[in-house]
Each structure stands twice: as structure tokens, then as C-alpha cells.
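Asker: Fold the following.
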Amino acid sequence: MGRTMYPDRSLVKHSENETIARAKAGDNAAFAELYRRYCKRVFGVCFSLVRDVTITEDLVQESFLRAYRKLDTFREDSLFSTWLHRIAVNSALMYLRKRSSRATEISINEPTHDDGAEEMAELFGAQDSVLENLVDRVTLQRAIESLPPGYRAVVVLHDVEGYQHDEIAEILGCTIGNTKSQLHKARLKLRAMLKVERELEVTQKAA
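Answerer: Next up, the predicted model:
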């Protein structure tokens with residue numbers, strides 16, 4: 001039997017660079033090709049953050065419009081998908097921050113001053129199996145939606161979309177240590193919210 005043939009990544013990258021170069025030169029068909037290639041993933045990232053189909057559709061259009069206008073600023077030394085997702089996540093975060101009236105809202109770029117933050121980040125930088133097994137998906141999603149935008153972005157990108165911390169740092173424009181620390185804090189906040197919800201559920205059943 002012959003071997004299964006996989007596309008050469010260097011060829012795929014070369015093909016994408018050619019498409020981007022054509023788009024930068026004003027070829028709208030080339031940009032439409034980039035849209036078709038990445039629109040589903042951009043939709044998924046935005047929807048995971050805002051949980052509203054109509055808003056997500058608007059954010060996708062807004063993100064690609066911004067990408068089109070800023071295309072000449074893209075440099076091929078980074079992945080186009082990462083650059084595009086950074087625009088999309090920033091668009092979603094701006095929407096969430098406008099909607100949010102919480103005084104506790106934080107920015108992903110805020111410095112952290114916790115003692116032992118780096119050590120804790122290493123411990124909590126992987127999948128949180130305790131948190132995953134604590135509640136059902138619906139309850140967990142509702143809790144994630146209650147997080148401040150900065151925390152929500154890191155949880156969604158890492159635990160939902162499966163990005164690694166170096167990718168998240170590039171998308172959000174911060175350090176890897178910062179994303180790990182923020183993920184740890186977000187998970188602690190989630191556990192606290194879920195604990196309260198479970199206690200309330202037990203109380204209601206006992207009444």
C-alpha cells in the first residue's frame with residue numbers, strides 16, 4: 001500500500017503568502033479567498049467570547065474589514081491566522097467592555113504582583129481536570145460568560161479553542177507569564193462561582 005500523502009506545509013505557507021501578496025496589491029478575489037479560509041475559525045473564536053450569533057456575525061465582518069484596511073501592516077514573519085485572530089479577539093473584547101459595567105473589569109495587559117505567580121502559573125497552565133469534572137457544560141459556560149472580559153478571553157482561547165500560551169500571548173499582545181497567571185486567576189474565580197451555584201442548588205433541593 002502506498003503512503004498517505006500530506007500537503008507540504010512549506011508549500012501551503014508559500015501559497016498563502018502569494019495570496020496575501022495579491023491581496024495587498026489590491027486583488028479583492030485574493031482577500032475573498034483569505035476570508036473563505038478563515039471565516040469559520042474567526043466566527044468560532046468570537047462566538048465563544050460573546051455567545052450571540054447576531055453579534056458574532058457583526059464582529060466577523062468588522063474583523064475582516066479591519067484586517068483589509070490594515071493588511072499592509074501584516075509582516076510574513078508571523079502567522080496570518082494569529083494576526084487575524086488578534087484583530088478578532090480585540091474586536092470581541094471591545095464589544096464586551098462596552099457592554100460591561102463591572103467595576104472589576106480587568107485588562108489582559110495589567111501587570112500582576114502575586115507572590116509566587118510564576119510558580120502557580122506553571123501548576124495551572126494545563127487543562128484543569130478538577131474544574132472540567134465539577135459541573136456540566138451548560139453551567140460552566142454560564143460561569144465563563146460571567147467572567148470579566150480579560151479573564152474570559154484567556155479561558156476561551158486556552159480551554160475552549162485550544163491555543164497554547166505562546167499563541168495566546170501573541171494574539172493578546174502580552175507575556176506568556178501574564179496569560180498563565182490570568183488563566184490561573186480566572187479558574188479560581190470560576191471555581192468560586194461554581195461552588196456558590198452548587199451550594200444554592202443543594203439548598204433549593206432541600207427546601
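Asker: Which strand or helix spans Thr56?
Answerer: Counting by DSSP states H and E, the element that carries Thr56 is helix 53-70.
Asker: quick one: buried residues of that helix?
Answerer: Within helix 53-70, the residues scored as buried using 16 or more other C-beta atoms under 10 Å are 55-56, 59-60, 62-64, 67. Backbone N, C-alpha and C define where each C-beta goes, glycine included.
Asker: Mind listing residues that contact whichever helix or strand comes after that helix?
Answerer: Scanning forward in sequence from helix 53-70 by DSSP H and E, the next helix or strand is helix 80-99. In this structure, residues lying in contact with helix 80-99 by C-beta atoms under 8 Å, 6 or more residues apart in numbering are 16, 20, 34, 38, 41-42, 45-46, 49-50, 55, 59-60, 62-63, 66-67, 70, 74, 105, 149-150, 152-153, 157, 167, 170-173.
Asker: same thing with stretch 161-176?
Answerer: Everything outside stretch 161-176 that qualifies as a contact, by C-beta under 8 Å, 6+ apart, is 44-45, 48, 78, 82, 85-86, 89, 108-109, 125, 153-154, 157-158, 178-180, 183.
Asker: circling back: in CSV: the buried residues of helix 53-70, plus pLDDT and distance to Leu194.
Answerer: Shown next, in CSV, are the buried residues of helix 53-70 (pLDDT from 0 to 100; distance: C-beta to C-beta, whole Å):
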residue, pLDDT, distance to Leu194
Ile55, 96, 25
Thr56, 96, 25
Leu59, 96, 28
Val60, 96, 30
Glu62, 96, 33
Ser63, 96, 31
Phe64, 96, 36
Ala67, 96, 36
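Asker: Quickly name whichever of those residues is closest to Ala25.
Answerer: Ala67 (15.6 Å; C-beta to C-beta).
Asker: The closest one and Ile20: what is the separation?
Answerer: Ala67 sits 11 Å away from Ile20, taking C-beta to C-beta, to the nearest Å as the criterion.
Asker: Narrow the contacts of helix 80-99 to those that are buried.
Answerer: 16, 20, 34, 38, 42, 45-46, 49-50, 55, 59-60, 62-63, 67, 74, 149-150, 152-153, 157, 167, 170-172.
Asker: from those residues, which ones fall inside strands?
Answerer: Among the buried ones among the contacts of helix 80-99, the subset assigned to strands under DSSP state E is empty.
Asker: Domain-wise, how is the chain divided?
Answerer: The chain breaks down into these domains under automatic domain parsing: 11-99, 117-206.
Asker: For the spatially most central residue of the chain, give me its contacts.
Answerer: Nearest to the geometric centre of the chain sits Leu157, at 3.2 Å (C-alpha atoms, centre = their mean). Contact criterion C-beta under 8 Å, 6+ apart gives 45, 89, 163, 167-168, 171-172 as the residues in contact with Leu157.
Asker: among the buried ones among the contacts of helix 80-99, which are in helices?
Answerer: When DSSP state H defines the helices, the subset of these inside them is 16, 20, 34, 38, 42, 45-46, 49-50, 55, 59-60, 62-63, 67, 149-150, 152-153, 167, 170-172.
Asker: Can you give me the distance of Leu147 to Ala186?
Answerer: Distance from Leu147 to Ala186, counting by C-beta to C-beta: 6 Å.
Asker: next one: Val196
Answerer: With distances defined as C-beta to C-beta, the gap from Val196 to Ala186 amounts to 16 Å.
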